[in-house]
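Asks: here is my input; please provide its structure:
(chains A, B, C and D, ligands or ions: 4)
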Amino acid sequence: MTETATPSAADVADRPPPRRRPWAEPARWRDFSLVPVIFVLGVIGFIVSPAFLTQDNLIGVIQQSTELGLLVLGEALILITGRMDLSLESTIGLAPVLALWLVMPAHGTRFAGLELFPAWAALPLCLAVGAAVGAVNGFLMLTLRVNGFIATLGMLTMLRGLHVGISEGRSIGDVPESFAYLGKADWLGVPAAVWICLALFALGGAALGYLRHGRALYAIGGNPEAARAAGIRVDRLTWIVLAVGGVLAAFAGILYTGHYGAVSASQGNGWIFQVFAAAVIGGIGLKGGRGTLFGALTGVLTLQLVINVMTLGGVPPLWTQFLNGMIIIVALVISRFTSGEKQD
Amino acid sequence: MTETATPSAADVADRPPPRRRPWAEPARWRDFSLVPVIFVLGVIGFIVSPAFLTQDNLIGVIQQSTELGLLVLGEALILITGRMDLSLESTIGLAPVLALWLVMPAHGTRFAGLELFPAWAALPLCLAVGAAVGAVNGFLMLTLRVNGFIATLGMLTMLRGLHVGISEGRSIGDVPESFAYLGKADWLGVPAAVWICLALFALGGAALGYLRHGRALYAIGGNPEAARAAGIRVDRLTWIVLAVGGVLAAFAGILYTGHYGAVSASQGNGWIFQVFAAAVIGGIGLKGGRGTLFGALTGVLTLQLVINVMTLGGVPPLWTQFLNGMIIIVALVISRFTSGEKQD
Amino acid sequence: GCNRGSDTAGGRIGIDMPRTDTDFWNSYQQYLEKDLDHGGPAALPLSNSQNDIAKVVSNVQALTDQGAKAIVMAPQDTGAITAELQRLAEKKIPVVSVDTRPDEGKVYMVVRADNRAYGEKSCDYLGRKLGGTGRVAELQGDLSSINGRDRSEAFASCMRKKFPKITVHELATDWKGEVASGKLQSLLAQHPDLDGIYMQAGGAFLRPTLALLEQQKRLEPAGSEGHITIISNDGIPDELDAIRAGTIDATLSQPADLYAKYALYYAKAGLDGKTFRPGPTDHGSTIVKIKNGLEDQLPAPLVTKDTVDDKKLWANQPARKK
Amino acid sequence: METHDRAAAVHAEGIVKRYGPTVALDGARLTVAPGEAHALVGRNGAGKSTLVSVLTGMARPDAGRVTFGGAPAPDWGDTAAWQRKVACVHQKSMTVPELTVAENLYLGRFQGTRTIRWRALHTRARELLAEYGVEVDTAARIRDLGVEQRQFVEIARALSGGARLVILDEPTARLDAGGIDRLCAKLRGLRAQGVAFLFISHHLQEVHELCDTVTVFRDARHVLTAPVPGLAKEALVAAMTGEETAAVRKPRTGARPAGEPVLRTEALALDGHFAPLDLTVRAGEVVGLAGATAGGSTAIGETLVGLRTPDAGRIAVRGRPVRTGSVPHALDAGIGYVPEDRHREGLIPGRSVAENATLTVTGRLGPMGTVLPSRTRAFARRMIAALDIRTTGPGQPVSGLSGGNQQKVVIARALAREPAVLVAIRPTNGVDVKSKDALLGVVREVADGGSGAVIVSDELDDLRVCDRVLAVFHGRVTAEFPAGWRDHELVAAMEGVAVAGRAPGGPPGAARGRAAPGPPDTQGTEGTAP
Ligand SMILES: Nc1ncnc2c1ncn2[C@@H]1O[C@H](COP(=O)(O)OP(=O)(O)OP(=O)(O)O)[C@@H](O)[C@H]1O
Ligand SMILES: Nc1ncnc2c1ncn2[C@@H]1O[C@H](COP(=O)(O)OP(=O)(O)OP(=O)(O)O)[C@@H](O)[C@H]1O
Ligand SMILES: [Mg+2]
Ligand SMILES: [Mg+2]
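Replies: Ligands and ions are numbered 1, 2, ... in the order given. Next up, the predicted model:
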C-alpha cells in the first residue's frame, strides 16, 4: 500500500516503507535530502575538533538555531501557501522594540518608553505587533494586489527604519524579566528556547499534516484557483498564514532578546537570505505547495552546523564568508540530487 | 461577452474592458507608470530646496544612478528571460578586484597584485570575470537545475567572500588610469558614465524591441516550453543573457571604481534589493516575460531621486530608512494602479 | 527640514552621518545636535548615508549643491571617498573626516582616536592581566571596515611581538551580536580554558557576550577565580556599568563627544580659513601631519575600575538631550 | 505500409519513452504516408501526446528512431531544424500569453534579415488570421484572447509554416462547432495541396470525417493501423479499449417522472454574460445547458457554484436559499462542481490523487477539523474503485495521471460530498470515448440516485444523457428540447440560427454561424523599448 503524500515529517518517518518502488515518489525523499549533508558535516566536525560532539557544543548549535528556526518556520508556512514575506527579518527586531517602547518607564533607564502598559504586557504586545505586521503585508498582497516580493521588501526597509527611529539606534538593555525569561531560561538542562522551537515545529508539522486547514495551505500554494473552486477560503487563509508568520517572527524576537540580553538595533538585519536559503535547501519550493517543516528544520540546522564547524576548524576569518557561500551551494546541489527533482 | 472565453472571476476582473480604449491596454502604460511618481518627486524636490533643479544636482543624481542602473539593466534582462541573479551585487565588487589583482604590481602599492598582465588588460579582464560569473550561474541553473534564487544567493555570499579574501577587506586605491577613466571622465560637460549608461539602455531597449533574439527573451520568459516549440534555443539564450548580466555588473564595477576613486571593500554590498525594487516598480515582472528597459530606468531614477530629495529636504537621519521603505511601497502601489495590472 | 543656526555669514556646514543604527554613532549625532543647538556654527540638516559609501558621496554632493561651505563626514570606506575629496578640494571646500583617515584626497583635518592604538592598548592590557600566557578570543568587526581592520591588525601584531605565548582566536562577526555570541559559544565548548576576550565594539558585543557567559555559568566577577578577563572598545555607558559591576575589566573610551565637538570646531575653523600646524593642542591631543592633510589624534583613555567614574568620560556626562 | 517506408512523410519505430516509473511509450511505431490524413487515437494516457513530443523533437525518446521522408530526424535540441520538418499544434497551449497575436504567430520565425518590421508583421498576421475567419486585433495580447481564438492562433501558426507534415494533438478540444468546421475546411484545403496530417482526437466522428488511415495506441503500444473507410466505430473503440464495448448509451427518450425541485434559480442574471434566468432542476433530472463556450452558458454554471457573484436573482437548493457568490456556501448547500478546465481550476498538480479527491470533504475525514491519512486513503480508494481511475494508488501525484483519469479525479472530488445537485461544465473535455461513457454514466447515476444534475456543454455526446436541454445563445435561453432531440436542431439553436423552438432541419454544418461572439478589441504593444 502507498500513503497519501501527507507532508508532516513526523508521520512520514513512522510510516512503514512503501512497497511500490520508492523512487516513484520523490515527495517522500525530499524531506530527508539534507540528512546526508548533515551527516557529512558531523563527520567533518568530529574530525576537526573533538569538542564538536560534546553536548555543550551540540546544544549550543541548536540554541543558536532557534531564532533563525522560528523565522524559517514562519517563512516555510508562507512559502507553502505560495507567498513570500521578506519583512520577517525586520519584524524580529521591530516587534520587541515597539512592545518595550510601550511598556518601559518614561524616564530613568537609558531608553525612555511610554509606560502605557504594565511590564508583563510586553510579551503579548510583542506578538500582537507581529500579527499586525503580517496583516499589513496581507493587505498589500491580497487587497492592493501588489507584488509580494517588493511589497514586503519595502516593509522590510520601512520597519527596520521604524525600529531605528524608535530605538534611536540604541540597543535596549534591562528589559522586563518576564520578557527576557523564555530566551535565557533552562528547562531540564536544555535552553527553554530549544524546547519551544522544537515544539512549534512539531505542532506546525502536525497541523500541516493532519488539520484540514493545514492541508488547505498546500492546496492554495499548489493551485489557488482549484483551491477556490474546492470551497477553500483562499484569501482568508493566506491572510491568517501571513499573520502567523509575523507572530512567529515576533516570538523569535522575544527569544533573541532574552538570549542576547538586549534588543540590538541591527537585530535580524540581513537574516532573510539565510531564512530563504534554509527553507529552500530544506526542500520548500519557492513556487508554493511543496515541502515539509521537517525539511525546513534540517535546512536551518545545516546552515548553523556549517558556521559551528568552521569556527571549530578555525577557518581564517578572511575566508569564512567565502566558504559559507560555497557550502550553501554544495548543500543546494546535494539536496537537489538526493531529492532527484529539478528545482524549476 | 468575450470574458466567458476564459471564464474565471479572477481573470475577468483584471481583463481590460473589451471596448477599444487605448488606456485600457496596460502593456502600453506599464512602461510609463512611474512617470507620475517621478513628477511628484520633482515637485517635492523643488519645494523643499531650490538647489534641486540646479543642473549640478540633477546631473549628480543621474551619475549616481549609473552604477545601480547598469545592475538593473542586467537584472532586467535576466528577469525578462524568466530567471533571477542575486550575485550581481557581488560581481560589481569582485570583478574589478580580481582584474586589478591580476594586473597590479606585486609590491610597492598598498595592495599587492600578481602583475600577470599589463595594466591596460585590467578592463577586459574585469569584463571577462563578469562573463565567467554569469556562466557559472548558468551552469548551476541550467545544467544542475538547482533553484536559481538560492544558487545565486550562494554565489552572492561566495563571491563577496572571495572579494574580501583577495582584497583582505581593504579598498584598492590608485588603480590604472585606463581602468578609472570611464568612471571619472566628462564628455561634453556630462560624466561619461551617464552617456554610456543611457547608450546601453537604449541599445538594450532596441535589441529587445527589434531583434529576433531580443524578442526571444520575452518568449522564453513568458512560456519557455512554447519558446522551445517555436525553435528558440532556450538554454543557450538564457546562458548568454546570464553572462551579459555579469558583464554589465562588471562594467558597473568599472564605473564605480572610477567614480569613487577606488574599489571599495563593500562595493555593491546590499544593493541587490534596490536592484529588484527598481526593476519591479519599473514594471519588470518577477515571473518573466514582462516589462521594458525604459520602465526599469524610471525605476532606478525614482529610487535615486528619493534619496536626493530626502537629503535636500533634511529628513532627520534617524528616519531616512523608514521613509525610504515607505516610498518604495507607495511607488509600488502607484505603479500597480497606473498600470492597472495585478502583479503578484 | 528646518535649518539650524543663525549666522550664515561664513556659510553653512554640511554634515553626513555614516549610520544611525549603532549606539556610538547615535550618541555622536546627539552631541552634534546639542552643540549645534547651543550656539554652534550654522549647519545644514544632517544627512544619513546608511553605511554606504556611495550614499556618502551623493549626500555630500547634495549638501554642497545646497551651499555647504565645509563638510563633516565619516567615510567608513577610506578608499572609495578619494574622488569626492578631490572634487571638494577643487571647490575649495574644507573637509573634516571623523573617525576614519581617507587614504587619498585632501582633508582639512582628520578627527579621530587612533584605532591602531585601540588594538595595541587592548593587547597590552590583556597581556599584562594574563601574565603573558593563556588563550584569548578576539571578537572582530566587519573585515571590510577600516576601523575594525586597524584594531585587528594592531592587536595581532602586538600580540605576536609582545606576548607570543598567548593564543588568539580571531572571530569575524560583521559587528553582529548574535554572530559573536554563537562563535564564542562554539569556542567555549572547544576551549573551556578561555582566559580573555577582546571585544572590538562594546556597543555590539557587550550584552550578547555577558548574556552568553551568564548562561554558561562562566560570568565570575573580576578578581575571583575563573574570571574571564574582558576588554572592550567604545566606552558606551553600558560598558562603564559593566566595569563598575566587575563583569568586564576595561574599555577604551572612544570619545563620541570630542568627535562631535572638534568636528564642528575644525569645520568652523575651516570656514573662517584658519590653518593649523602639527603639534600639541589646547585640548590634550596632538595634531600630526599625514600625507593628505592633518590629523588631530584625540585621546582614547583606557577606562578601568579605578577611572570608571571620571566625569570627563563622555558616557558619564548628564543624560543627553532627547 | 513497408512500401511507404522510404517515402513516408514520417516514420517512427521502436519508440520507448519513460517518465520515471510510467512507461509512456513502449516500442511504439507509426508511419504517415505523404499527403495522407492519418488519425491517431487511443485512450487517455495511451501515449499519443508523448509520441507527438517525440516526433516534434520536444522530448527525447529513450529508444527508437524517427525518419522524415526517409532522412533521419535532426539532432536532438536543434528544434529549429525539427520545425522545418514538421509543424505541430500541441495539446498544451504553446502560446506566450504576454506577447501579441502577431508575434505569437511568427514566434521564432520572424522573416527578414536583421531587425523586425512590426508593421509588415501585423499586416501579414491580419491576412493570415482572416483565412481562418478569426478577426482579432493582431496587437492584442494572447492572454486577453478567448480560448478558441488562442487555439486558432496556434493552428494558424502551424498550418502557415509551409511544412509538409502537420501534427494536431486534440486541436478540436478547445473549439466549438463553428470553429471545428472552419478547421476541417482548412485541413481539406491543405490536403488537396498534398500536406500530410497526423490528427489526434477523442471524437471519432471527426476521424471519420477527415482521415483516410487511423492508428490506434493502447497502453503505450501500437495495436492497429487500418484505413478509415469501412472501419466500424465499434471496432475502433474495441481496439482502443481492448475489450468489446457495451452498446453505446442509447439517447434517452421521454422524460421520466421528475421529483421535487432540488435547484431553483429566480431571475439570476450577470451583466455582460447572461440575461435573467429562471431554472428549475428536479430530483432525478439531468438538465443540459447547451451553448458555445463563449455563449454565457459557462458563466451560468460558474454562478450556480458561487465562483461568480450574480448581479441579480436568487438560488435555492431544496427550497433553502443559497448565499450567491460564495463557493463554501454553495458546497454546504449541496452543489457539487466539475470545473471546465481541470488544469486551471481542477487539480493541484503536485499533490496526491487522494488529497485531490478529498479536497472538498476534509471536514469529514476526522474529528475536530483533523484529517486522518488512513481515512483519506480509504475514502480515496472507494472513489478510485467507483470511477475506475487508472492510478498506481492513492499516493500517486495527480500530475502523473493522464488527462482522462485526471478528469475522473476532479469528478470524484465533486461527488465526494454527495451533492444535491451536480454542476458539470464540459465534463468530458479531452477525455477518451470509454472514459466519456463512464463519466456520463456516473452523472446519470447521481441523478438516478435522487439528486439533480446540470451539464453545461456544447458536445452533443454530453447532452445526450440529459432529460432536458436548454439551448443558450448570447446569454439567453433560446430554446428548450426534451430528450430525443435531433442533433442538427440543437446545433442550430446553440448557434442562434433558429431563434426559438424547433428549427427547420438541415445537415449538420450547413449554414452555421459563429457561436462565439466577436473577438475582444483589446489592442496592445508588446514590451518594446521606447
Ligand atoms: N512529462 C511527463 N511526466 C510524467 N509522466 C508523463 C509525462 N508525460 C506523459 N506522462 C505519462 O505518459 C502517459 C502517456 O501520456 P500521454 O499524454 O502521451 O497520453 P495521451 O495519449 O496524450 O493522453 P490524452 O488522450 O489524455 O492526451 C501518461 O500516463 C502520463 O502519465
Ligand atoms: N511534469 C509532469 N509530471 C507528471 N505527469 C505529467 C507531467 N506533464 C504531463 N503529465 C501527464 O502526461 C500526460 C500528457 O500531458 P497532457 O498535457 O497531454 O495531459 P493530457 O493527459 O493530454 O490531458 P489534457 O488533454 O487535459 O492535456 C498528461 O496525462 C499529464 O497528466
Ligand atoms: Mg495528449
Ligand atoms: Mg487529453
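
Asks: state the pLDDT value of A:Gln321.
Replies: With respect to pLDDT, A:Gln321 has a value of 89.

Asks: in the stretch 151-300 of chain D, which spans are strands?
Replies: Here the stretch 151-300 of chain D has its strands, by DSSP state E, counting those that start in this stretch, at D:165-169, D:196-200, D:213-218, D:221-227, D:261-270, D:274-282, D:286-290.

Asks: which of the ones you listed sits closest to D:Gly296?
Replies: Closest to D:Gly296 of these is strand D:274-282 (C-beta to C-beta; 4.1 Å). Just so you know, the C-beta spots here come from the backbone N, C-alpha and C atoms, and that holds for glycine as well.

Asks: from the chain's centroid, how far away is that closest one?
Replies: 26 Å (C-alpha atoms, centre = their mean, to the nearest Å).

Asks: that one packs against which elements?
Replies: If contacts are counted by 3 or more C-beta pairs under 8 Å, 6 or more residues apart in numbering or on different chains; DSSP states H and E, strand D:274-282 sits against strand D:261-270, helix D:297-304, strand D:312-317, strand D:452-457, strand D:476-482.

Asks: quick one: strands adjacent to the last one?
Replies: Paired strands of strand D:476-482, with direction, are strand D:468-473 (antiparallel) (DSSP bridges).

Asks: about what we covered before: any idea which of the helices and strands packed on strand D:274-282 gets closest to D:Thr324?
Replies: Using C-beta to C-beta, the nearest of these to D:Thr324 is strand D:312-317, at 5.7 Å.

Asks: so which other helices or strands are in contact with the closest one?
Replies: Looks like strand D:312-317 contacts strand D:261-270, strand D:274-282, strand D:320-322 (3+ C-beta pairs under 8 Å, 6+ apart).

Asks: as TSV, those strands with mean neighbour count and distance to ligand 4 would be great.
Replies: Below are the helices and strands packed on strand D:312-317 laid out as TSV (neighbours: other C-beta atoms under 10 Å in any protein chain shown; distance: least, C-beta to the ion, whole Å):
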stretch	mean neighbour count	distance to ligand 4
strand D:261-270	20	30
strand D:274-282	19	29
strand D:320-322	15	33
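
Asks: could I get those as JSON lines with mean pLDDT and distance to A:Ala262?
Replies: Below are the helices and strands packed on strand D:312-317 laid out as JSON lines (pLDDT from 0 to 100; distance: least, C-beta to C-beta, whole Å):
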{"stretch": "strand D:261-270", "mean pLDDT": "91", "distance to A:Ala262": "59"}
{"stretch": "strand D:274-282", "mean pLDDT": "90", "distance to A:Ala262": "65"}
{"stretch": "strand D:320-322", "mean pLDDT": "92", "distance to A:Ala262": "57"}
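
Asks: would you format the ones you listed as CSV with distance to ligand 3 included?
Replies: Output for the helices and strands packed on strand D:312-317, formatted as CSV (distance: least, C-beta to the ion, whole Å):
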stretch, distance to ligand 3
strand D:261-270, 33
strand D:274-282, 32
strand D:320-322, 37
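
Asks: what residues are up against the residue nearest the centre of chain C?
Replies: Centroid-nearest residue in chain C, with C-alpha atoms, centre = their mean: C:Gln254, separated by 5.1 Å. Counting by C-beta atoms under 8 Å, 6 or more residues apart in numbering or on different chains, C:Gln254 makes contact with C:24, C:113, C:118, C:233-235, C:300.

Asks: the same query, at a cut-off of 6 Å, please.
Replies: Contacts of C:Gln254 were listed using C-beta atoms under 6 Å, 6 or more residues apart in numbering or on different chains, and they are C:113, C:234-235, C:300.

Asks: do the same with A:Ser65
Replies: Contact analysis of A:Ser65 by C-beta under 6 Å, 6+ apart lists A:300-301, A:304.

Asks: do that again at 8 Å, thanks
Replies: A:Ser65 makes contacts with A:197, A:300-301, A:304, as judged by C-beta under 8 Å, 6+ apart.

Asks: which one of the residues you listed sits closest to chain C?
Replies: The nearest member of the contacts of A:Ser65 to chain C, counting by C-beta to the nearest C-beta, is A:Gln304 at 7.8 Å.

Asks: which residues of chain A score low on pLDDT?
Replies: Within chain A, the stretches with pLDDT under 70 are A:1-30, A:108-109, A:341-344.
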